[in-house]
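Q: model this:
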Amino acid sequence: MPFRTIIEPFRIHSTQAITHTTPEQREAALERVGYNLFGLHADDVLIDLLTDSGTGAMSSRQWAAMMDGDESYAGSRSFYRFQDVVRSLTGLKEVIPTHQGRAAERILFSTVVKAGQVVPNNTHFDTTRANIEFCGAEARDLVIPEGRVPATRHPFKGNMDVAALESTIREVGRERIPLVMVTVTNNSGGGQPVSLQNLQAVRAVCERHGIPLYLDACRFAENAYFIKLREPGYASATPREIARRMFALADGCTMSAKKDGLANIGGFLAMNDPTVARECRNLLILTEGFPTYGGLAGYDLEAVATGLDEVLDEEYLKYRLRSTAYLAEKAEQAGVPVVQPPGGHAVYLDAKALLPHLAPAQYPAQALAVELYRVGGVRGVEIGSVMFGKRTPDGGETPAPMELVRLAVPRRTYTQSHIDYVAEVIADVARRKERLRGYRIVEQAPWLRHFTARFEPT
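A: Here you go, the predicted structure:
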């Protein structure tokens, strides 16, 4: 008979100690870094859910492949293995390695995006938006209405609003849209998946208007497994088959291999257009490295190539999605609203609903994230008005549509007991939610301010 418990599909081969801190030590750390959790020393953190990017555990197969890495400057054997894996998975002909996803974004947008243009997406994440805006263009979010309401249940809340895309093209003109991008899964919207039906509809619009379609594909495998579970007609398809169908609809993609590449560093830019690829490689050489290593060591290319194969294992994906949903269920049981249904890589706590006494200008999600660390040494990240608030010319600020705290679960890193501990911390914070204070920014950078801003309590 089948058993209900979904176990980790791996054995632990090596361990790394984590540090317990006292409440006094955590308070001192918060004051030292201006209440910005990005500034904490990793040794100050007990359970680190800041990001799932590059923080996972690599497999013995990946470590073994790294030992065979070819560190030749040009024409490395490891690059050609990496290229073969990416081409086989995506079907895209031009493969350009980068040191991580934001480098792929910067190179792509610096090449094809001009000032005054508009780049539609379901929802841009922070580095994507910043790289587009740095080019003087507008990053426009066109997620379906259900994707903007945390409590609403929809199997594919990451879907792009196709009617809004058509409207945007009519409004700004096709010549002002250099590309359309779809993020799978939709990180800023709660790690929500995009259906194949929606991708097909977006593709049809792009083809009709002659606009290239790119995927932000860093969690493509999780998205593929959600399609298998939720979209009619794909229950018998493998995650690899579904992933290939997703990529077949795109003209190119950016990829952070620190997510579904299961590696600690790495990424790539891939496309079919050889002219754009040539321009991108010229910029790559200027800032990243020669086109056959792109800012990576040969052993990194080997780790990513192996990880892109392992991530499509169905037992792994089953465990991955279930372990994230388990934490969401625990948070709900503690009375904390979360984005529904749970995403693939993270649980998103709804700070706006939990802390209605804090106005957006008091950054409720930042307050909640700080309190999780203060109480139990758990580090998450604010995804609200600190990250996505828009400053106005008069010195004010337009708040973000949602105030979320993302608890991103690193891949193959924490066990169920770690997650149970996180749930206890969430419950403890929820019991005294009325006492939480807001924050104000006292220092900030012009771009991606959430990484380095300093705060003080209001």
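
Q: need the contact list for the residue most central in space within the chain.
A: Among the residues of the chain, the one closest to the centroid is residue 187, at 4.6 Å (CA atoms, centre = their mean). Contacts here follow CB atoms under 8 Å, 6 or more residues apart in numbering; on that basis residue 187 touches 123, 125, 218-219, 345-346. For every residue, glycine as well, the C-beta is placed using N, CA and C.

Q: so where's the longest helix in this structure?
A: Looking across the chain with DSSP state H, the single longest helix is helix 314-333.

Q: list the buried residues of that helix.
A: Neighbour-count burial for helix 314-333 flags 316-321, 323-328, 330-332 (criterion: 16 or more other CB atoms under 10 Å).

Q: rewinding a little: just the buried ones from the contacts of residue 187?
A: Among these, those classed as buried by 16+ other CB under 10 Å are 123, 125, 218-219, 345-346.

Q: so which elements touch the least confident helix or strand in the chain by mean pLDDT?
A: Least confident helix or strand, the chain: strand 390-391 with a mean of 80, by mean pLDDT, DSSP states H and E. If you count contacts as 3 or more CB pairs under 8 Å, 6 or more residues apart in numbering; DSSP states H and E, strand 390-391 packs onto strand 397-398.

Q: and the helix or strand following the strand it packs on, what's its mean pLDDT?
A: Counting by DSSP states H and E, the next helix or strand C-terminal to strand 397-398 is strand 404-408. Strand 404-408 shows a mean pLDDT of 96 in the predicted model.

Q: what is the helix or strand that strand 404-408 is followed by packed up against?
A: Using DSSP H and E, the helix or strand that follows strand 404-408 towards the C-terminus is helix 416-431. Applying 3+ CB pairs under 8 Å, 6+ apart, one finds that helix 416-431 makes contact with strand 47-48, helix 314-333, helix 364-376.

Q: which of the three states applies to residue 206?
A: Put simply, residue 206 is helix when judged by DSSP: H, G, I helix; E, B strand; the rest coil.

Q: touching, it and residue 200? I think so.
A: No. Applying CB atoms under 8 Å as the test, residue 206 and residue 200 come out as separate, 10.7 Å apart.

Q: these two - which one has more neighbours?
A: Ranked by neighbour count (other CB atoms under 10 Å), residue 206 and residue 200 place residue 206 first, with 23 against 13.

Q: how near is that one to residue 169?
A: 9 Å (CB to CB, to the nearest Å).

Q: if we can go back for a sec, what angle do the longest helix of the chain and helix 416-431 make?
A: Angle of helix 314-333 versus helix 416-431, following axes from the mean of the first three to the mean of the last three CA atoms, to 10 degrees, is 20 degrees.

Q: let me know the closest of the contacts of residue 187 to residue 13.
A: residue 345 (22.9 Å; CB to CB).

Q: which other residues reach stretch 317-332?
A: Contacts of stretch 317-332 (CB under 8 Å, 6+ apart): 6-9, 191, 221-222, 224-226, 229, 239, 311, 338, 341-347, 349, 407, 409, 411, 416, 419-420, 422-423, 426-427.

Q: and what of stretch 115-125?
A: Stretch 115-125 is contacted by residues 109, 113, 128, 132, 135-143, 147, 158-160, 165, 168, 172, 176-183, 186-189, 194, 216 when judged by CB under 8 Å, 6+ apart.

Q: neighbours of residue 157, how many?
A: Close neighbours of residue 157, defined as other CB under 10 Å, add up to 28.

Q: measure stretch 157-177 end to end?
A: Stretch 157-177 has its terminal residues 24 Å apart, counting by CA to CA, to the nearest Å.

Q: now do stretch 145-158
A: So stretch 145-158: terminal residues 10 Å apart, CA to CA.

Q: that one: how far from the chain's middle?
A: Chain-centre distance of stretch 145-158: 17 Å, with CA atoms, centre = their mean, to the nearest Å.

Q: if we can go back for a sec, quick one: average pLDDT of the following helix or strand past the longest helix of the chain?
A: Toward the C-terminus, helix 314-333 is succeeded by strand 346-350 as the next helix or strand (DSSP H and E). In this model, strand 346-350 has a mean pLDDT of 96.

Q: name the helices or strands packed onto strand 346-350?
A: In terms of contacts (3+ CB pairs under 8 Å, 6+ apart), strand 346-350 is packed against helix 314-333, strand 404-408.
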